[in-house]
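J.: I'll drop the sequence and a predicted model, then ask my questions.
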Amino acid sequence: MSKQICELAYQGASTAVGLAEKLLNEAIEKHGVGAAVAYPDTAYKLPMITALSGEEILTLGDIVPVLKRIKENNLRPEPELGNALLSGEATLYAGEIIEALRYVGNANPDEPPYTGFLPDRILRKFGVPLVDGTIPGVAVITGKAKDAKAAAALVKDLQAKGILVMLVNDIIEQCIEENIKVGVDYLTFPLGKFTQIIHAVNFAARAGLAFGGVPKGERARMLEYQKNRVPAFVIALGELDAVTVAIGAGALFMGFPIVTDQALPPELTIPGLLEPQPDYDKIVKLALELRNIKLKIVDIPVPITVGPAFEGETIRKKDAWVEFGGGRAPGFELVRMCDADEVEDGKIVVVGPEIDDMPEGSVFPLGIMVDIYGRKMQEDFEGVLERRIHYFINYGEGLWHVAQRDLCWLRISKGAKAAGFKIRHYGELLIAKFKSDYPAIVDRVQVTLITDAKAIEDKIALARTKYQARDARLKGLTDESVDTFYSCTLCQSFAPNHVCIVSPERVGLCGAVSWLDAKASNEITPTGPNQPIAKGECLDEQKGMWQNLNDFLYSASNRTLEEVNLYTLMDKPMTSCGCFEAIIAVLPMTNGVMITTREHSGDTPCGMTFSSLAGTCGGGVQTPGFMGVGRRYIVSSKFIPADGGLGRIVWMPKELKDYLKDELTERSVSLGLGADFIDKIADETIGTTEESILPFLEEKQHPALKMPPLM
Ligand code: SF4
Ligand code: ZN
């Protein structure tokens, strides 16, 4: 590293640390040393400090010795690479402290569009897409692009590639000026200004703490995790002043390469780590190369951008050109396995009016029939593929899709219509995605789109018979009815020792991988993360332990786990990676269990919010009494049967009750708990402590109170 860069990094770090010191002193003067310091909704305090040195920062006073240590140890003027990285580390500490101070006495210091600190729930939400490659990398763009158009083109390109984008400084305003969609819903997070770049870094650090199981304060392990497992890179736009260089040194310290649009002379570059690329059209390509991110390029012949960035996009009624289904017109979607001669590959037929014959604000019927022929296709995969329609369509910018089957509801925005989107493009999108995502089971695809009210009638009836037959088959699919379960080790790229065992009655804890999904995925990639495990000899029927599963677990967990029980959370339960939809926790006083979800940010009777609770049981270790689960597992007949099953649940957030209402009631009835069991489960409106819900449970005669002791 050149002398000049080292000197700039030292200067910048000194400035940042000096500023942190000044602001800390001011805050202490104003609020007192005992004032609490915390980011909202995280289990990791000030994550950079938790990750790198492990000091527990709870008050302003706790920061003083940390900052003193950093100032004494890290700021070394001799221009050497090691010292520049230490300057970078010091800048990360300073940034974390400066940012955290903004939250003292103000839980929400940022105005929209700025997000500021990203809570743990957002990190966990993106766990699966990051590990399965839907989001192949994370770009942190800081500074100001040469002009707004260039900024927009850069971000749009990353969005189309599925990269999660974090924006800092003027590029945010440049993107907004060019109508680029920014926000958490678009995988494009406008963090804020200046030191708010630290929120990108503390997000990455939390990936190591939450998914990687890296213990707090284990600096070397954390840096190794960042270097090997977090596919992040930095694009630094505009002039490089001392503080920018110091922040850059912080990125390099974390192992994130940097591309700058400034024409650096060769002596100022660090090959592979800090490289210039003044040509905006080549910046992304270079950054991806430096981080070794390989993209699967799919050419989809539609006039809109398609990528996971648009999955969360909502299209309001007033912004829709046309809407389909949703109870206002008939709608359905159906994937059928067909014979070779029934499918003409790539054929798209629209039966009924095209979008140009649909007036603005109108409602039409829509049937989406996807016919698939594949030598390795199985009827069981129809449902698996059909559920992908929802994601594929939502990936289109200006397309919106909710629900499924004959309940589906879709909108096409005015923007998409103006861009030239036609009904037939739904077909192009689906054909391209099915063929690229499922090459091993999909050989030929044709799509029929029905917008004619008469023509849809027979087809919807046909679809309904198919749904019924499928449901009947799924009902018969129990843990006993199969001799093979599947592993899922997809999350090992983040949680190296974690193994999910997916059985017909237990969906993966992320909620995204069912037994049929795992089976289909194994068919597609036989050596992939979903391996069949023949159940073999059962060691404990009640707790759900099998010899073969243990053997598999032992080797797949890198010999960190020897045994697993599928049907209990009290004894050698399944491990959790970090992307669970919900967590079960024991409530000793009530002799029951509670469940909370990622969506519920409030307190719970075990004394912890979802985030704090999640912080105690991730990283691929067994934590008896706590377990991450998929939402749907709760209504499975294999819901912790060894612990008493459904009747043990004494508390869950109201939202989860509403979400599971019908199935939970059905399950309660079949278990003899009564149709009103759901009303015996407390929620946040009853109380958020064990003491406060106990009288309610007693009054309702909750069955858990009479069950054998759980502990
Ligand atoms: Fe990760 Fe388990 Fe979901 Fe697989 S099933 S993606 S390992 S959480
Ligand atoms: Zn996971």
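T.: Perfect, I can see it now. Ligands and ions are numbered 1, 2, ... in the order given.
J.: right, is the helix or strand encompassing Arg124 up against ligand 1?
T.: Here Arg124 sits within helix 120-125, counting by DSSP states H and E. No: using CB under 6 Å from any ligand atom, helix 120-125 stays clear of ligand 1, with a minimum separation of 10.5 Å. (C-beta placed from N, C-alpha, C; glycine too.)
J.: quick one, what contacts the residue in the stretch 1-150 of the chain that ligand 1 sits nearest to?
T.: Residue nearest to ligand 1 within the stretch 1-150 of the chain (CB to the nearest ligand atom): Val128, separated by 5.0 Å. Residues near Val128 by CB atoms under 8 Å, 6 or more residues apart in numbering: 134, 490-491, 510, 512, 579.
J.: Tell me which helix or strand it sits in.
T.: Using DSSP H and E, the element containing Val128 is helix 127-131.
J.: Pull out the CA atoms of the helix holding Arg124 and give them to me as PDB.
T.: Once side chains and other backbone atoms are set aside, the C-alpha atoms of helix 120-125 remain, and they are given as PDB (Å, rounded to 0.1, in the frame of the first residue of the first chain):
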ATOM      1  CA  ASP A 120     -31.800  -7.700  13.300                       C
ATOM      2  CA  ARG A 121     -35.200  -8.600  11.800                       C
ATOM      3  CA  ILE A 122     -34.100  -7.300   8.400                       C
ATOM      4  CA  LEU A 123     -30.900  -9.200   8.600                       C
ATOM      5  CA  ARG A 124     -32.700 -12.400   9.400                       C
ATOM      6  CA  LYS A 125     -35.300 -11.800   6.700                       C
END
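J.: how about the nearest residue to the residue in the chain positioned nearest to ligand 1, chain neighbours excluded?
T.: Of all residues in the chain, the one sitting closest to ligand 1 is Gly508 (2.3 Å; CB to the nearest ligand atom). Closest residue to Gly508 apart from its sequence neighbours, by CB to CB, 6 or more residues apart in numbering: Cys500 at 4.5 Å.
J.: and the gap between the one you found and Leu429?
T.: 30 Å (CB to CB, to the nearest Å).
J.: more crowded one of those two?
T.: Using other CB atoms under 10 Å as the criterion, Cys500 and Leu429 rank with Cys500 on top: 27 against 23.
J.: before we move on, back to that, quick one: pLDDT of the residue of the stretch 1-150 of the chain closest to ligand 1?
T.: Note on Val128: pLDDT of 83.
J.: Please apply the same query to Gly326.
T.: Here, the pLDDT recorded for Gly326 equals 88.
J.: and it, how many neighbours?
T.: Gly326 is flanked by 16 other residues according to other CB under 10 Å.
J.: How about it: what's its closest non-neighbour residue?
T.: Using CB to CB, 6+ apart, the nearest residue to Gly326 is Trp409, at 3.1 Å.
J.: Now for that neighbour: which residues touch it?
T.: 323-327, 331, 401-403.
J.: Spit out the contact partners of the residue in the stretch 51-200 of the chain that ligand 2 sits nearest to.
T.: The minimum distance from the stretch 51-200 of the chain to ligand 2, using CB to the ion, falls at Gly127 (4.9 Å). For Gly127, the contact set (CB under 8 Å, 6+ apart) comprises 211, 491, 494, 510, 577-579.
J.: Emit the ChimeraX select command for whichever of the residues you listed are buried.
T.: Entered in ChimeraX, the line below selects the buried ones among those, by 16 or more other CB atoms under 10 Å:
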select :211,491,494,510,577,578,579
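J.: What helix or strand is the closest residue to Gly536 other than its chain neighbours located in?
T.: Once flanking residues are discounted, Gly536 sits nearest to Asn548: 3.8 Å by CB to CB, 6+ apart. Element membership for Asn548 (DSSP H and E) is helix 547-556.
J.: same thing with Thr465?
T.: Going by DSSP H and E, Thr465 is in helix 455-475.
J.: Quick check: which helices or strands does that helix pack against?
T.: Under the contact criterion of 3 or more CB pairs under 8 Å, 6 or more residues apart in numbering; DSSP states H and E, helix 455-475 touches strand 331-337, strand 366-373, helix 381-394.
J.: what mean pLDDT does the second one have?
T.: In this model, strand 366-373 has a mean pLDDT of 98.
J.: Buried residues, stretch 143-162. List them.
T.: Of the residues in stretch 143-162, those buried (16+ other CB under 10 Å) are 143-145, 148, 150-162.
J.: Those also near ligand 1: which ones?
T.: Checked against ligand 1 using CB under 6 Å from any ligand atom, these give no members in range.
J.: And the pLDDT for Thr568?
T.: 97.
J.: what sits against the spatially closest residue to Arg375 that is not a sequence neighbour?
T.: Nearest residue to Arg375 in three dimensions, chain neighbours excluded: Asp443, at 6.2 Å (CB to CB, 6+ apart). Residues near Asp443 by CB under 8 Å, 6+ apart: 345, 373-375, 377.
J.: tell me which helix or strand of this protein sits lowest on mean pLDDT?
T.: Least confident helix or strand, the chain: helix 127-131 with a mean of 83, by mean pLDDT, DSSP states H and E.
J.: Okay, buried residues for the helix or strand following that helix please.
T.: Next helix or strand after helix 127-131 toward the C-terminus (DSSP H and E): strand 138-143. For strand 138-143, a neighbour-count test (16+ other CB under 10 Å) marks 138-143 as buried.
J.: And for stretch 355-370?
T.: 355, 358, 363-370.
J.: Repeat that for stretch 644-654.
T.: Within stretch 644-654, the residues scored as buried using 16+ other CB under 10 Å are 644-653.
J.: and the residues you listed, which of them are in helices?
T.: Judged by DSSP state H, the subset of these located in helices is empty.
J.: Just the mean pLDDT for the lengthiest helix in the chain, thanks.
T.: Determined from DSSP H, the single longest helix within the chain is helix 3-31. Helix 3-31 comes out with an average pLDDT of 96.
J.: do the same with stretch 478-485
T.: For stretch 478-485, mean pLDDT rounds to 96.
J.: in it, what's buried?
T.: Buried, per 16+ other CB under 10 Å, within stretch 478-485: 479, 482, 484-485.
J.: Quick check: the gap between Leu92 and Pro526.
T.: As judged by CB to CB, Leu92 and Pro526 stand 43 Å apart.
J.: who has more neighbours, those two?
T.: The residue with more neighbours, out of Leu92 and Pro526, is Leu92; 30 against 11, by other CB under 10 Å.
J.: which non-adjacent residue is nearest that one?
T.: Gly250 (4.3 Å).
J.: Same question for Lys193.
T.: Asn169 is the one closest to Lys193 (CB to CB, 6+ apart), at 5.7 Å.
J.: these two touch, right, the one you found and Lys144?
T.: Yes: look at Asn169 against Lys144 with CB atoms under 8 Å: they come within range, at 6.4 Å.
J.: hmm, back to that, run the chain-centre distance for the helix holding Arg124.
T.: Centroid separation between helix 120-125 and its chain, computed with CA atoms, centre = their mean, to the nearest Å, is 6 Å.
J.: can you list the residues that contact the helix holding Thr465?
T.: For helix 455-475, contacts defined as CB under 8 Å, 6+ apart pick out 330, 332-334, 336, 351-352, 365-367, 369, 380, 382-383, 405-406, 450.
J.: Also stretch 6-13?
T.: Contact with stretch 6-13 is made by 74-77, 79-81, 83-84, 87-88, 90-91, 94, 240-249, as judged by CB under 8 Å, 6+ apart.
J.: rerun at 10 Å
T.: Stretch 6-13 has contacts (CB atoms under 10 Å, 6 or more residues apart in numbering) with 1-2, 70-71, 74-94, 240-250, 252-253, 268.
J.: can you map out the strands along the stretch 401-550 of the chain?
T.: 409-413, 444-450, 484-488, 500-502, 532-534, 538-540, 545-546 (DSSP state E, counting those that start in this stretch).
J.: Among those, which comes closest to ligand 2?
T.: Closest among the strands of the stretch 401-550 of the chain, using CB to the ion: strand 500-502, at 7.5 Å.
J.: Does ligand 1 have contacts with that closest one?
T.: Yes: with CB under 6 Å from any ligand atom as the measure, strand 500-502 is seen reaching ligand 1 through 500, 502.
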